[in-house]
Structures are given as structure tokens and as C-alpha cells.
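K.L.:
Here is my input; please provide its structure:
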Amino acid sequence: MTNTGLQQNTAGNKFRWIAVIFMVYLLLVAVGMIGSGFKWASGGAEGARQLFAFATNPVMGLVIGAFATALVQSSSTVTSVIVGLVAGGLPVPTAIPMIMGANIGTTVTNTLVSMGHIGKKKEFRRAFSAATVHDFFNLLAVTIFLPLEVFTGFLSNISANLTGFFVSDTSLSIKGLNFIKPLTKPVVGVFKDLYTTLPDIWGGVALALTGLALIFISIIMLGKLLKVLMVGRAKQILHRAIGHGPMTGITSGTLMTIAVQSSSTSTSLIVPLAGNGLFKLKEIYPFTLGANIGTCITALLAATAVEGSMADHALQIALVHLTFNISATILIYGIPFLRNIPLRTARRFAQLASRHKWVVFAYVIGLFFVLPTVLITLTA
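P.N.:
Numbering: from 1, shown residues only. Down below sits the predicted model:
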């Protein structure tokens with residue numbers, strides 16, 4: 001590459017990093033808008049509780065999170081929206097199953113990526129097992145931790161205690177991150193003033209919908225920018241880290257997902273590599289667990305945009321996401337019997353799918369779309 005080409009590439013990367021910073025700022029503004037708009041439209045925390053009374057059934061909350069994530073193909077988007085809703089008054093216990101559901105919904109992306117190998121039986125079997133091991137791990141995690149949460153409040157209690165380390169009792173603002181709200185408040189205020197001309201609750205609805213649109217824009221653009229900046233390096237990390245033990249695999253999955261801000265991207269990168277036989281399923285498995293942990297950074301980042309009486313709740317639901325994924329990794333991967341369930345299920349299911357291709361389409365449509373619709377109908 002010539003000196004001129006290098007200079008252009010360097011200038012281009014600088015512009016992209018500036019754009020990344022702006023998109024992070026836009027994400028923080030968007031979360032603040034959703035929280036303010038939801039609070040305005042619902043008439044405060046009590047109104048928010050009544051509005052989401054239908055979702056107090058844990059199964060309904062789980063289905064909403066999974067269905068929404070499967071539709072938008074981004075757990076980062078859905079968890080950021082949930083943080084905004086909690087900031088607006090959505091109760092944390094209602095939001096917890098939604099967060100779990102987002103973990104299930106995000107796995108549809110790498111499952112779809114594996115279908116790119118469907119024309120070659122051996123490649124497809126390897127790729128499909130690498131994709132679905134993530135699915136089955138997350139399904140097992142929810143099967144264990146949702147009942148545990150319902151009966152003991154495990155995640156609620158741990159996240160509440162962790163929140164106490166970061167949120168001041170007096171000001172209820174996140175310690176050390178008080179600069180976030182002053183940076184975002186003026187922009188949120190401009191939109192809020194703009195919508196005050198709308199009648200009744202419609203101003204709040206418009207503000208929340210604008211925030212929702214900005215979250216989509218910021219997450220999509222952030223993903224594209226970071227993919228250009230980081231994916232080449234991410235592939236190098238993959239080749240160096242995967243296959244050097246489970247802890248290295250989990251760490252590399254976490255770091256890569258933080259870098260590209262998308263567990264869908266990081267896990268989808270390894271599916272073709274598995275299909276081509278470069279990595280074994282046992283080597284890829286820990287990496288996907290790290291991706292679960294790494295994707296929690298977006299919700300934690302979103303929580304820094306919240307200040308006031310709901311700051312502790314917003315941070316708590318973000319910490320629920322982190323606690324859930326770390327706890328599931330420690331428990332399931334730490335116990336050999338549980339660790340082998342996703343592996344064996346993924347292998348056997350991939351063998352079936354490689355022989356009968358219709359199983360693949362039935363699985364994706366049934367698990368991520370038909371089943372949630374049926375459960376919503378039955379529990380409504």
C-alpha cells in the first residue's frame with residue numbers, strides 16, 4: 001500500500017472512531033428519551049406497572065424478550081430498550097424474564113448463518129451444531145434460572161446488592177458517571193419540548209418512539225462501524241484463542257463481543273469456520289458463552305444515561321443481564337453433566353438436520369416465531 005493509501009486509510013479510521021463515539025452518545029440519548037417518554041405516557045411508575053400488568057407472568061415476559069429479539073435480530077437493541085423502559089417505571093421483576101428471553105432470541109442469527117452451508121452435508125452438520133450449541137445452552141440456562149428467580153429472587157437479590165456499590169443513596173446517580181446525564185439531558189429536553197404541543201399522552205409516546213428509532217439507528221451504525229474497524233482483528237483473536245482451553249475461549253468471546261458490540265456478529269463469525277472444519281464444536285462452545293457475557297456491555301452502557309429516582313432500577317436490570325450470563329456459564333459449564341447437554345443435543349440435532357433439511361426450517365420458524373406466538377396467545 002502506498003503512503004497516500006495509508007494516509008487515507010488512517011484518516012478513514014479516525015473518522016470512523018469519531019462516528020463510533022457519536023453513535024454511543026446517540027444510544028445514551030435514545031435510552032434517556034425512552035425512559036422519559038414512557039414515564040410521561042404512562043403517568044409515572046404506577047402507570048407503567050399497570051401498562052405492563054399483562055407481562056407479570058414470567059412466561060409472557062420471556063416470550064416477549066425472545067420474540068422481539070428474533071424480529072430485530074439484535075439482543076443489544078432489545079436490552080437497551082428494556083433498560084429505557086425500566087427507567088420509565090417498568091418493574092424490574094417484570095423485566096427480568098424479558099432479559100432472559102433476549103438471550104434466546106439472539107441465537108437465531110447464527111442459526112440462519114449456518115444455513116449457508118446447507119448444500120454440503122458435512123459442512124452443514126458442523127456449522128449447524130456450532131450454531132445450535134448456543135441455542136441449547138441459552139435454553140438450558142433459562143430452564144434453570146427462570147424458576148430459580150421466580151421462587152428465590154436469585155438474580156434480583158444479587159443485582160440489587162451489586163447496584164448498591166455503584167448508585168449513591170442520596171442522589172441516586174451512578175457513582176463516577178454523573179457526567180453522562182448532563183451530556184444527554186439537553187438533547188432529550190429539546191425533543192421533549194418539541195412534543196409538548198401534542199395532546200395528552202401522545203407527547204410521551206412520540207418521545208419514546210423517537211428514542212426507539214434512535215436506538216435502532218445507533219446500534220445498527222455502531223455495529224457496521226465496529227465491524228469495519230475490528231472484525232479483521234477479531235478473526236486474528238479467534239485463530240489465536242480458540243483451541244487454547246475453555247477460559248481462553250470464554251475470554252476471547254467476551255472481548256470480541258465487546259469490541260464489535262454484537263454477540264450475533266461474533267458468534268456468526270465462527271459458524272463458517274466450524275463448517276469448514278477449522279475448529280471443533282468443543283472449542284467453539286466456550287467462545288459462545290463469552291459472547292453471552294460480552295453482549296451485556298450495551299445494557300450497562302445504556303444504564304449510565306439514567307439519573308434520578310429510577311437510576312438504581314435501570315442499572316439493576318443491566319446487572320441482572322450480566323449476573324444471569326456469568327452465573328449460567330459458571331453453573332452449566334462448571335458441571336460436566338450439564339456442560340455436555342448442549343453439546344450432545346447440538347450434535348444429534350445437526351445429524352438429524354443434515355439428513356432432513358425441512359427440520360432446519362421447522363426449527364427456526366417454530367422455536368423463534370410460532371412457539372412465542374402460541375405462548376403469547378395462551379397466556380394473554
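K.L.:
From here on, just use CA atoms for contacts and neighbour counts.
P.N.:
Will do.
K.L.:
what sits against Thr288?
P.N.:
Taking C-alpha atoms under 8 Å, 6 or more residues apart in numbering as the criterion, Thr288 is in contact with His134, Ile250, Gly253, Thr267.
K.L.:
hey, which helix or strand in this protein has the poorest pLDDT?
P.N.:
Across the helices and strands of the chain, the lowest-confidence element by mean pLDDT, DSSP states H and E is helix 45-51, at a mean of 49.
K.L.:
Moving C-terminal from that helix, which element do we reach first?
P.N.:
Going down the chain from helix 45-51, the next helix or strand is helix 58-72, by DSSP states H and E.
K.L.:
avg pLDDT for the next helix-or-strand element following that next one?
P.N.:
Sequence order places helix 75-87 as the next helix or strand after helix 58-72, per DSSP H and E. For helix 75-87, mean pLDDT is 82.
K.L.:
same question, stretch 148-165
P.N.:
Rounded mean pLDDT across stretch 148-165 is 91.
K.L.:
If we go by neighbour counts, what in it is buried?
P.N.:
Within stretch 148-165, the residues that count as buried by 16 or more other C-alpha atoms under 10 Å are Glu149, Phe154, Leu155, Ser156, Ser159, Ala160, Leu162, Thr163, Gly164.
K.L.:
Equivalent analysis for stretch 117-131, please.
P.N.:
Neighbour-count burial for stretch 117-131 flags 117-118, 121-131 (criterion: 16+ other C-alpha under 10 Å).
K.L.:
Tell me which two of the residues you listed sit farthest apart.
P.N.:
The span of the buried residues of stretch 117-131, defined through C-alpha to C-alpha, is set by Lys121 and Ala131 at 15.2 Å.
K.L.:
Poorly predicted segments of the stretch 101-250 of the chain, please.
P.N.:
Within the stretch 101-250 of the chain, the segments meeting pLDDT under 70 span 167-182, 200, 215, 219-220, 222-223, 226-243.
K.L.:
Now with 80, please.
P.N.:
Residue ranges of the stretch 101-250 of the chain with pLDDT under 80: 106-113, 115-120, 165-189, 192, 197-205, 208, 211-212, 214-245.
K.L.:
What ranges does it have for its helices?
P.N.:
Here the stretch 101-250 of the chain has its helices, by DSSP state H, counting those that start in this stretch, at 108-114, 121-152, 154-166, 180-195, 202-241, 246-260.
K.L.:
want to throw the ones you listed into JSON lines with distance to Ile330?
P.N.:
Formatted as JSON lines, those follow (distance: least, C-alpha to C-alpha, whole Å):
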{"stretch": "helix 108-114", "distance to Ile330": "23"}
{"stretch": "helix 121-152", "distance to Ile330": "11"}
{"stretch": "helix 154-166", "distance to Ile330": "14"}
{"stretch": "helix 180-195", "distance to Ile330": "33"}
{"stretch": "helix 202-241", "distance to Ile330": "20"}
{"stretch": "helix 246-260", "distance to Ile330": "11"}
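K.L.:
wait, which of those helices is closest to Gly101?
P.N.:
Per C-alpha to C-alpha, nearest to Gly101 of the helices of the stretch 101-250 of the chain: helix 121-152, 8.1 Å.
K.L.:
on contacts alone, who are the packing partners of that closest one?
P.N.:
Applying 3 or more C-alpha pairs under 8 Å, 6 or more residues apart in numbering; DSSP states H and E, one finds that helix 121-152 contacts helix 92-105, helix 108-114, helix 154-166, helix 263-275, helix 281-294, helix 311-334, helix 336-355.
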